[in-house]
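**Q** dropping the sequence and predicted coords here.
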Amino acid sequence: MDYRIAILLLLLLISCLGGLYTYVNSKNEVLSQKILSFFLFNFGFIFLATFLLNYYGPENTNLIIVLFSYLFFVFCLTLPPTFYFYVKSLVYEKSEVIDQQQFQFHYGLAISLLIINLFSFIALNNVAKDDSNYMLIENILKYCNFISLIFIFLLQNIYYILESSKLYVSKKNEVKEVNPETAETLVWMKYFIIMYSLTILMLYIFQLRPLLFGKMIFRVSMIVYIAVIIYFGQKNYVFSQDSGAKGLDIDIEKRLEMKKALNEIMKVEKPYLAEDLSLKMLAHQLNTNSKYLSFLINKEYDCNFSSFINSFRIKEAQAFLSDTAYNIYTIESIAKMTGFKSKSAFNSAFKKETNLTPSKFKSINQKQSQT
């Protein structure tokens, strides 16, 4: 077996086995590890298609090989959004990472290309080669796949790498004084983005004709890259805006004074209605720092910052849902009005707090008010 084929086979095995191990090894239904396993399987499918084309040749008419040669382009378009959602899952709760609307937006191009390729695969196997429609379908397929790989895949990567980098900077700035677990998550997030960016850069550089010899260097470096993300991706990374002030103590009088001021701000100014509210922003309103505010919330309310804010948002939502005057608003609109970033995040937090979905709560309370 050619050594180039052997390296592709090794990449295929490492990616698929790594994806399987990551999925099985994920603890407590950790979303980030589930997404990482899909990310690895995604690479595995790309390497499988590349292996089949290199081993059997692009002119092979075996239906399975032809099908994988079509699906190769689809797998490429699912890679960048999956990379982005893994980065996002490191710093957001499960309900805030992805919902149906986001899925359709981010994977829409890949789904569209999948439909085109599957339709073409079926059509080309049911139309005679001398039929004019055969050449038309074949040309449309070639152009779609060519544009997808050369232009769309590149633009996707630029977009998702920039979005991931912005997310990293945003989260890093949110928590100036981080606890060790959050610091570790931010470090992994940074290096994951850098490694992926370098991988995509090398991929395009080594496609240039003068650097064709570099393809082998690229494939070997991919073995190292996949091995690194498998090894470091097994950890259950935790991100918290709380600054880990467990050893901190505040004078009881000062604490009660801060608590009174915090309650007043939450009642009068309602900062929780802003969906981008952070620990740092609220601490600024309270004229204190993140560490003291985190300590106050942990000590006086026995919860973390996220749960504290959500409790106020849910109370606000309960008032809206109980009032028939707000029946003109959808559940999603009420979620936005009360500071939640998405309907799925709202539903998850609401049910966690009340053991009811927003719709069920609305139905029960409005029936009670009518009797």
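**A** Structure received. Numbers count the residues shown, from 1 in each chain.

**Q** for the stretch 251-371 of the chain, what spans make up the helices?
**A** Assigned by DSSP state H, counting those that start in this stretch, the helices in the stretch 251-371 of the chain fall at 252-268, 279-285, 290-301, 305-322, 331-337, 343-354, 358-370.

**Q** quick one: which of those is nearest V97?
**A** helix 343-354 (9.1 Å; Cβ to Cβ). C-beta coordinates here come from the backbone N, C-alpha and C atoms, glycine included.

**Q** which parts of that closest one are buried?
**A** The neighbour-count criterion (16 or more other Cβ atoms under 10 Å) identifies K343, S344, A345, F346, N347, S348, A349, F350, K351, E353 as the buried residues of helix 343-354.

**Q** repeat for stretch 56-67
**A** The neighbour-count check on stretch 56-67 (16+ other Cβ under 10 Å) flags I65, V66, L67 as buried.

**Q** among the residues you listed, which lie within helices?
**A** Using DSSP state H, the members of these that fall in helices are I65, V66, L67.

**Q** does the first one touch L53 like I think?
**A** Yes - counting by Cβ atoms under 8 Å, I65 touches L53, with 7.2 Å between them.

**Q** in the stretch 251-371 of the chain, what spans have low per-residue confidence?
**A** Residue ranges of the stretch 251-371 of the chain with pLDDT under 70: 251, 369-371.

**Q** centroid residue for this protein?
**A** With distances taken as Cα atoms, centre = their mean, F85 lies nearest the centre of the chain, 1.5 Å away.

**Q** got phi/psi on the residue of the chain most remote from its centre?
**A** Farthest-out residue of the chain from its mean C-alpha position, per Cα atoms, centre = their mean: D130, at 46.3 Å. Torsion angles at D130 (phi, psi; degrees, to the nearest 10) stand at phi -90, psi 0.

**Q** and T357, by the same measure?
**A** Dihedral angles of T357 (phi, psi; degrees, to the nearest 10) stand at phi -80, psi 160.

**Q** how about the contacts made by it?
**A** N347, F350, K351 (Cβ atoms under 8 Å, 6 or more residues apart in numbering).

**Q** with distance to Y23 as extra columns, can I get the buried residues of helix 343-354 in a markdown table?
**A** A markdown table is the format used below for the buried residues of helix 343-354 (distance: Cβ to Cβ, whole Å):
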| residue | distance to Y23 |
| --- | --- |
| K343 | 27 |
| S344 | 22 |
| A345 | 24 |
| F346 | 28 |
| N347 | 26 |
| S348 | 22 |
| A349 | 27 |
| F350 | 29 |
| K351 | 26 |
| E353 | 31 |
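
**Q** P81: which of the residues you listed is nearest?
**A** S344 (17.2 Å).

**Q** that closest one reaches D99, doesn't it?
**A** Yes - using Cβ under 8 Å as the test, S344 is close enough to D99 to be in contact (4.1 Å).

**Q** if you skip the residues just before and after it, what's nearest to Y204?
**A** L154 (7.0 Å; Cβ to Cβ, 6 or more residues apart in numbering).

**Q** same deal with C303?
**A** Closest residue to C303 in three dimensions, ignoring its sequence neighbours and counting by Cβ to Cβ, 6+ apart: I297, at 6.6 Å.

**Q** doesn't F308 make contact with that neighbour?
**A** Yes - counting by Cβ under 8 Å, I297 touches F308, with 5.0 Å between them.

**Q** now distance to E269 and pLDDT too, for the ones in helices among the buried residues of stretch 56-67, in JSON lines please.
**A** Listed next are those as JSON lines, based on distance: Cβ to Cβ, whole Å; pLDDT from 0 to 100:
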{"residue": "I65", "distance to E269": "64", "pLDDT": "91"}
{"residue": "V66", "distance to E269": "63", "pLDDT": "90"}
{"residue": "L67", "distance to E269": "59", "pLDDT": "92"}
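
**Q** Serialize the residues you listed to JSON lines and add fields for distance to I265.
**A** Shown next, in JSON lines, are these (distance: Cβ to Cβ, whole Å):
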{"residue": "I65", "distance to I265": "64"}
{"residue": "V66", "distance to I265": "64"}
{"residue": "L67", "distance to I265": "60"}
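
**Q** and the pLDDT at the residue nearest to the centre of the chain?
**A** Note for F85: predicted pLDDT of 94.

**Q** check which helix or strand it maps to.
**A** helix 63-89 (DSSP states H and E).
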